[in-house]
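>>> sequence first, then the predicted structure:
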Amino acid sequence: MNNTPYRHQVVDAMIPPAMQIVIAVRDDQPDQFLDAVRTAETMGGVGWQTALIIALAGMVPDDRSVGDLTAWLGVA
């Protein structure tokens, strides 16, 4: 059985909470981070963790180094 459309729908549904997670992490807002994770859990159904990870991974440009991507952390 091919459930690819369902999986795409779940991943698409994770885009807004994934964006909220990115913003919360960048702004050092742990409460907003936890709210976004709870939102993802509530709306994601079975497999929400995997869908959220896929959505977040899809937002990461693959043409930049890890150092470039984490430079905002200020860690040398």
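Here it is on my side, so go on. These numbers were taken from a predicted model, which means no experiment stands behind them.

>>> check which helices and strands whatever helix or strand His8 lives in is in contact with.
In the assignment (DSSP states H and E), His8 maps to helix 4-13. The contact analysis (3 or more C-beta pairs under 8 Å, 6 or more residues apart in numbering; DSSP states H and E) places helix 4-13 against helix 30-44, helix 48-58. The way it works is simple: take the backbone N, C-alpha and C, and place the C-beta from them, glycine included.

>>> so which of the ones you listed is the most packed in?
Comparing the helices and strands packed on helix 4-13 by mean neighbour count (mean count of other C-beta atoms under 10 Å), helix 48-58 ranks first with a mean of 17.

>>> give me the angle between that one and helix 30-44.
Here the directions of helix 48-58 and helix 30-44 differ by 120 degrees (axes from the mean of the first three to the mean of the last three C-alpha atoms, to 10 degrees).

>>> what's the mean pLDDT across helix 48-58?
In this model, helix 48-58 carries a mean pLDDT of 92.

>>> quick one, phi psi at Thr70?
Dihedral angles of Thr70 (phi, psi; degrees, to the nearest 10) stand at phi -110, psi 10.

>>> how far away is it from Val46?
Note on Thr70: its distance to Val46, by C-beta to C-beta, to the nearest Å, is 32 Å.
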